[in-house]
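> Please find the sequence and the predicted model below.
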Amino acid sequence: MGMVGDYSGTSSPTLNIPVVYKIGIYGWRKRCLYIFMLLIMVTVIVNLALTVWILKVMDFSIHGMGHLRIESNGIRVEGDSEFLRGLYASSIRSQKGASLSIQSAQNITLNARDKNGKLTNRLVLEGDLLFSADKDKVQLGSSTINVAGPRGATFQGSVQTPVIRSKTGSLRLESPTRSLDLSAPEGVTVQAEQGPVRINSGSADIKIESYNQVSLEAKSIRLKSLSVSEPTIVDSPFQEVYQLCICAQSGKLFLSPAQGNCQATGTICN
């Protein structure tokens, strides 16, 4: 028979072995992290170098960029400028002593708008010469010039044009202090379809000259206030009827009684 032992007594002692946990990145993870940080540093350095190069090339400064200068009253551009889109400005002017040139490959459109953005005025240049000015002459390329002002147009010198007309009102050509000359190499035509044609001179003579002839075509021609030559002996039953006479030397027209020949009395031909 076996013996029953008593094992309720003391047990074997427990060993306290310390456990060490490694904290950090080791192995291939560490190498990948260093490579990634190196790439970031290279990217930052390249970006800084490109930024410095762009600032140097574009000539950035606190006053502007390149030929573009920001001033208190606007923007000043030195040299030529090319705008790819629309330009909005209240004033465009050149520097003192320099000319202003606006060029376009197609057309030039100038729009003026009110405070609500509504179009109030517009100028379109579509490749044809519209206006040209220099020290010798001013040239307008439009077929018709319409002066809408109530006082018309004032010219200090001569005007060369094929036609001058007024569509709705009367047309008046006036020289307040000097003479008014109408001349053309092929003739001058003065025409009024619905009203009279008046040529007035305050104190000087009115001269109509032609190298060939002067033609007056009308249903009736009236010459008023002509001088009348009255001979001493007048025996005519028609005192209101005269014959038209002309002086040989001066070419002056005068009236003479219908009976008999033209007789000039006194200084009527002077």
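Perfect, I can see it now. None of the values given here were measured: they were computed from a predicted structure.

> what about Val52, is that helix, strand or coil?
Here Val52 is recorded as helix under DSSP: H, G, I helix; E, B strand; the rest coil.

> what about it, how many neighbours?
Here the count is done by other Cβ atoms under 10 Å, and Val52 has 10 residues near it. All C-beta spots, glycine's among them, are computed from the backbone N, C-alpha and C.

> ditto for Gly74
Neighbour number of Gly74 under other Cβ under 10 Å is 13.

> Please list all residues in contact with it.
Ser91 (Cβ atoms under 8 Å, 6 or more residues apart in numbering).

> phi, psi of it?
Per-residue torsions, Gly74: phi 150, psi -160 (degrees, to the nearest 10).

> Make 5 the starting number, not 1.
Got it, the first residue is 5 from now on, which makes the last one we talked about Gly78.

> Now do the residue nearest to the spatial centre of the chain, the pLDDT please.
The centroid of the chain falls nearest to Leu127 when counting by Cα atoms, centre = their mean (6.5 Å). Leu127 carries a pLDDT value of 77.

> doesn't Leu114 make contact with it?
Yes. Counting by Cβ atoms under 8 Å, Leu127 touches Leu114, with 4.2 Å between them.

> follow-up on the earlier one: against Asp138, how distant is the residue nearest to the centre of the chain?
20 Å (Cβ to Cβ, to the nearest Å).

> cool, and Met62?
Taken as Cβ to Cβ, the span from Met62 to Asp138 is 37 Å.

> so what's the residue nearest to the centre of the chain up against?
Contacts of Leu127 (Cβ under 8 Å, 6+ apart): Ile112, Thr113, Leu114.

> My reading is that it lies in a strand. Confirm?
Yes. Per three-state DSSP, Leu127 lies within a strand segment.
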